[in-house]
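Student: no sequence on this one, just coordinates:
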């Protein structure tokens, strides 16, 4: 392996493993060049395969049971209504830049999820889309935000709304955000004397949720000849051009990694899980509903309820356990039999066409280790291998809906993202399958920094 002095990690949020197939690599010459120089392959995301906890699990090499969060929003144990948001303040495990900063290496971090509120490091940091607004203090040091505004013509944190029917405006916003992120990255790459550089593009995620049905003939809403049929390919070609320029700026002494936190694929629809729980006798309401209603805990007759659920790209099902919940109905001795019954019934659910879904209802004790496993949902449910998301509303006319509660959405998350490691001066062309906790130990190995004993991943070098 050639002498490596620095490492740059470029994140394409939600980029699917299909990008590493020959069909896609023919269209993406810079990504193809990087795969030929080193190691590449599909990278299994965290459980659950969503932005939070995936990026932090990747960069700390810790599973969510050690991190203590299972999504952006998390339930307060033993509280029906209590909920908290997993900001940077919730991250207890050191991430790559924390470890490298402590070793005297200078870091530049741009738009990595779960970095707001910002915290000091040996270097510079620009927080991500959870930042409340452009007027917030989203950089370290604080004065950096003014430099970024000048370098980008007005920095942009995220799209206004990617669940919109105004696709022309959305596409313009995604490209604008992408180009401003690229301008910020170039500015920091050239200004900072960095040892470790990391940036994340959110554009792939926003584009896929907004445009997948226009590009995928297998999508149930696909319309041949629509004006956005090449939107995904055109955008990834645009990203690929920027990737080539960023790799060139990084220089011949830098290892280049391209990674994604999870993959993506077409969305078949939303399964209305709380309506199903009510139909199956697990959930009882304390009042009649007048049409479709946003599910909330004040609708529930708790002394008559066994289980309830949260929606999203996966579903979290909670059991109403005596001694744990304020009005629990399941005794500790009944807990496993009730959970087993739920798993059995979930496995029998059919889609809107009568086909049995390939649903995975997973116990957290089978997935996680660490001090926060008991704070996980009682079941993590992936409907039909993640092709169906979980609806949050209740009172629907059917168990099946075909948009989200807050607007149109064409894509769901998939288990496998991408991993590409380009080693300067080499032509390895190695193919392997990875798990996303392998990223952090690989970077430390590249930079000759000792890998912490509690890391769960393994360096690929």
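Tutor: Happy to help now that I have it. All values derive from a computational prediction rather than experimental measurement. Numbers count the residues shown, from 1 in each chain.
Student: right, and residue 177 touches residue 156 too?
Tutor: Yes: assessed by C-beta atoms under 8 Å, residue 177 is found in contact with residue 156 at 4.9 Å. In short, each C-beta sits where N, CA and C put it, glycine included.
Student: more neighbours: the two, which one.
Tutor: residue 177 (22 against 18; other C-beta atoms under 10 Å).
Student: quick one: the strand or helix carrying the more buried one to chain centroid distance?
Tutor: Assigned by DSSP states H and E, residue 177 belongs to helix 167-191. Relative to its chain's centre, helix 167-191 lies at 20 Å (C-alpha atoms, centre = their mean, to the nearest Å).
Student: going by neighbour count, list what's buried in it.
Tutor: 167, 170-171, 173-174, 177-189 (16 or more other C-beta atoms under 10 Å).
Student: helices and strands around that helix, which ones?
Tutor: Packing contacts for helix 167-191, counted by 3 or more C-beta pairs under 8 Å, 6 or more residues apart in numbering; DSSP states H and E, involve strand 107-110, strand 123-126, helix 144-152, strand 196-201, helix 203-215, helix 231-250.
Student: give me the buried positions along the last one.
Tutor: By neighbour count with 16+ other C-beta under 10 Å, helix 231-250 contains the buried residues 231-232, 235-236, 238-240, 242-244, 246-247, 250.
Student: just after that helix, pick out the following helix or strand.
Tutor: Taking DSSP H and E, what comes next after helix 231-250 is strand 254-259.
Student: distance between stretch 185-202 and the chain's centre?
Tutor: 21 Å.
Student: start and end of that stretch, how far apart?
Tutor: 14 Å (C-alpha to C-alpha, to the nearest Å).
Student: list the contacts for residue 301?
Tutor: Counting by C-beta atoms under 8 Å, 6 or more residues apart in numbering, residue 301 makes contact with 284, 285, 286.
Student: would you mind giving me the PyMOL syntax to select the buried ones in the residues you listed?
Tutor: Selection of buried members from the contacts of residue 301 for PyMOL, criterion 16+ other C-beta under 10 Å:
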select buried, resi 284+285
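Student: in helices, which of the contacts of residue 301 fall?
Tutor: With helices defined by DSSP state H, no entry of the contacts of residue 301 lies inside them.
Student: which of the contacts of residue 301 sits closest to residue 26?
Tutor: Closest approach to residue 26 among the contacts of residue 301 (C-beta to C-beta): residue 285, at 54.2 Å.
Student: phi and psi next, for the nearest residue to that closest one once chain neighbours are set aside.
Tutor: Nearest residue to residue 285, sequence neighbours excluded (C-beta to C-beta, 6 or more residues apart in numbering): residue 299, at 5.2 Å. Dihedral pair for residue 299: phi -90, psi -10, per degrees, to the nearest 10.
Student: ok, back up a step: now the buried residues of helix 231-250 as a markdown table including distance to residue 84?
Tutor: Formatted as a markdown table, these follow (distance: C-beta to C-beta, whole Å):
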| residue | distance to residue 84 |
| --- | --- |
| 231 | 36 |
| 232 | 35 |
| 235 | 34 |
| 236 | 35 |
| 238 | 37 |
| 239 | 34 |
| 240 | 38 |
| 242 | 36 |
| 243 | 36 |
| 244 | 41 |
| 246 | 35 |
| 247 | 39 |
| 250 | 38 |
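Student: for residue 336, the count of nearby residues, please.
Tutor: 11.
Student: buried ones in the helix or strand harbouring it?
Tutor: Using DSSP H and E, residue 336 sits in helix 335-346. For helix 335-346, burial by neighbour count (16+ other C-beta under 10 Å) applies to 335, 338, 339, 342, 343, 346.
Student: got the contact list for that helix?
Tutor: Applying C-beta under 8 Å, 6+ apart, the external contacts of helix 335-346 come out as 280, 282, 306-307, 317, 319, 321, 330, 359, 361, 363, 378-379, 381.
Student: helices and strands around the helix or strand that it is followed by, which ones?
Tutor: Per DSSP H and E, the first helix or strand lying C-terminal to helix 335-346 is strand 360-362. Using 3+ C-beta pairs under 8 Å, 6+ apart, the elements in contact with strand 360-362 are helix 335-346, strand 379-382.
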